[in-house]
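In: take a look and give me a structure for this.
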Amino acid sequence: MMNEAYEKLDFMMRVSGTENVVLARALRFDASYVSRIRRGQRKCPTDEVFLTAVTRFFARVLREPYQKSAVTEVVCPGLPWPTEEAEAGELLKSWFMGQAPQATQAQRALALLRAAGDPVPENDRTKEPREAPHLPAGTHAMASLFYGDQGKRDGVRAFLEILLKTGKPQTLLLHSDEEMQWLFEDASYSAWWAETMKTLLARGATIRIIHSVDRHLDEMMQAIRGWMPLYFTGRIEPYYYPHLQDKVFTRTMFVSPGQAALISRSIKGQDCDPINILIRDSAGVRSLDAEFRAFLSQCRPLFDTFRPRDEKERTVILQGFLRKQGALKTVFSGKEAIFYKEEIGALILRADVTELAFLLKEPRLVAAMEAFLKEHDTHVIKDGRAALAAWKELTG
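Out: This is a model prediction of the structure:
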């Protein structure tokens, strides 16, 4: 239950898809100030001027039925959403102020009609049903359906093959919070997937991926290890969604603008094979592209990325990390090195890629990294000088 004004503000911004900078511009505030209010780091104003402005803004931007439905369930459950923008603003203001919502005359009338239903007269019950009017046929689109884990593998293969056949650099927009066994349970498929991604990146592809960071620790580390070599191509922008999700509904969304999209959705505990839909229709792909970018606008970068110009600058970054307070744990895996301090995060370097370094700070991923290091405790270097010497030996 949302009791604080800043929680209500954050809820309305998430439902309406409003970015900090958009609301700040409308209210003539600084975007960073809006961000701090949302996180509870600054007190949310509750004066008449502010509440009138902010509630009128949200009453205006709530356009889609699903948005109004979501807000109705929280603000005025059991009542329809007001049809007039001014009434919606007043309803939201009462909610922000912690007052019980008062139904408008229009809302009471609609609720009464819904409760009354549409009774059928006794003498009409035996009549033949009337012929239905012409129903909209919708848009017939190019789409293919795949089912279950094997279907997802086949669908992803078809999606990536479409991009390979173009022979041109493509943009890939990727997100999935569904379980990942479809990718990792078949070793030959995992190898094909990794090689295909490397091929696309070598051709100049750009990938924006929104990771799910509330997975089981083992699954997160498996994903990190799978993606890490690709991060060091410098052509991947990783993000994560910072807020908790209920995980009842999970989904996958792979989109290549102008080319194709693969989408799926499943319910936690679902015991039947979920559907995966490969879409080639240009309008459908544009819609999913817009949906992904709306989600991306609410996400944060997964790493702090450093771009040293040479080995000397990279060494300075590493030495700066090693000098910080905290117990050190270091693991080398092939050409990659992970330097970990619990209170700071994990610095990740690759010996043969001088121009990139990543600092992982997101708490759930740091916890996954710590669990990974505990599994490899016999190979962990805990002394800073020894870790630096081992790194210099690796880099030659």
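
In: residue contacts, the nearest residue to Asp289 once chain neighbours are set aside?
Out: Of all residues not flanking Asp289 in the chain, Pro257 sits nearest, at 4.7 Å (CB to CB, 6 or more residues apart in numbering). For glycine as for every other residue, the C-beta is placed from the backbone atoms N, C-alpha and C. For Pro257, the residues meeting the contact criterion (CB atoms under 8 Å, 6 or more residues apart in numbering) are 171, 173, 285-286, 289.

In: go through the chain and flag its longest helix.
Out: With secondary structure taken from DSSP state H, the chain has its longest helix at helix 148-166.

In: give me the helices and strands touching that one, please.
Out: Secondary-structure packing of helix 148-166 (3 or more CB pairs under 8 Å, 6 or more residues apart in numbering; DSSP states H and E): strand 143-147, helix 181-184, helix 187-202, strand 249-256, strand 260-267, strand 275-279.

In: out of those, which is closest to Phe306?
Out: Shortest separation from Phe306 across the helices and strands packed on helix 148-166 is recorded for helix 187-202, at 20.1 Å, computed as CB to CB.

In: so how far is the closest one off the chain centroid?
Out: Relative to its parent chain, helix 187-202 has a centroid offset of 23 Å by CA atoms, centre = their mean, to the nearest Å.

In: give me the contacts around that helix.
Out: In this structure, residues lying in contact with helix 187-202 by CB under 8 Å, 6+ apart are 153, 156-157, 160, 163-164, 170, 172, 183-184, 207, 226, 229-230, 233, 235-236.

In: buried residues of it, list them for me.
Out: Taking 16 or more other CB atoms under 10 Å as the basis for neighbour counts, the residues of helix 187-202 that come out buried are 189, 193, 196-197, 200-201.

In: would you put the C-alpha positions of whichever helix or strand comes after it in CSV?
Out: Following the chain from helix 187-202 toward its C-terminal end, the next helix or strand by DSSP states H and E is strand 206-211. As requested, the backbone C-alpha atoms of strand 206-211 are provided in CSV (Å, rounded to 0.1, in the frame of the first residue of the first chain):
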residue,chain,number,x,y,z
THR,A,206,24.8,-2.8,-31.9
ILE,A,207,23.0,-4.5,-29.0
ARG,A,208,21.0,-2.8,-26.2
ILE,A,209,20.0,-5.4,-23.6
ILE,A,210,17.9,-5.0,-20.5
HIS,A,211,19.0,-7.7,-18.0
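
In: now do strand 206-211 against strand 249-256, angle only.
Out: For strand 206-211 and strand 249-256, the angle between their directions (axes from the mean of the first three to the mean of the last three CA atoms, to 10 degrees) works out to 180 degrees.

In: can I assume Asp246 sits in a helix?
Out: No: judged by DSSP: H, G, I helix; E, B strand; the rest coil, Asp246 forms no part of a helix; its state is coil.

In: give me the distance between it and Lys152.
Out: Distance check for Asp246 against Lys152: by CB to CB, to the nearest Å, it reads 22 Å.

In: rewinding a little: buried residues, the longest helix of the chain. List them.
Out: Within helix 148-166, the residues scored as buried using 16+ other CB under 10 Å are 149, 151-156, 158-160, 162-163.

In: what's the following helix or strand after it?
Out: Stepping forward along the backbone from helix 148-166, the first helix or strand reached (DSSP H and E) is strand 171-176.

In: got the angle between that next one and strand 249-256?
Out: Using the same axes, to 10 degrees: strand 171-176 against strand 249-256 is 170 degrees.

In: helices and strands around strand 171-176, which ones?
Out: Contacting strand 171-176 under the criterion 3+ CB pairs under 8 Å, 6+ apart are the following elements: strand 206-211, strand 249-256, helix 282-296.

In: what sits up against the longest one?
Out: Applying CB under 8 Å, 6+ apart, the external contacts of helix 282-296 come out as 17, 139, 141, 143, 173, 175, 208, 210, 239, 241, 253, 255-261, 263, 279.

In: surely Asp281 meets Ala141?
Out: Yes: counting by CB atoms under 8 Å, Asp281 touches Ala141, with 3.5 Å between them.

In: could you measure from the residue with the shortest distance to the centre of the chain over to Thr52?
Out: Computing the C-alpha centroid of the chain and ranking residues by CA atoms, centre = their mean puts Tyr241 first, at 4.4 Å. Summarising the geometry, the distance separating Tyr241 from Thr52, computed by CB to CB, is 31 Å.

In: pull the contacting residues for Ala260.
Out: Residues in contact with Ala260 (CB under 8 Å, 6+ apart) are 159, 162-163, 278-280, 285.

In: next one: the residue nearest to it when sequence neighbours are not counted from Cys76, what distance?
Out: Counting by CB to CB, 6+ apart, the nearest residue to Ala260 once its immediate chain neighbours are dropped is Ile162, at 4.9 Å. With the distance defined as CB to CB, Ile162 ends up 46 Å from Cys76.

In: now Phe303
Out: From Phe303 over to Cys76 the distance is 42 Å, taken as CB to CB.

In: do Lys93 as well
Out: Computed as CB to CB, the Lys93 to Cys76 distance reads 12 Å.

In: out of the two, which sits in the more crowded spot?
Out: A count of neighbours by other CB atoms under 10 Å puts Cys76 above the other of Lys93 and Cys76, at 22 against 17.
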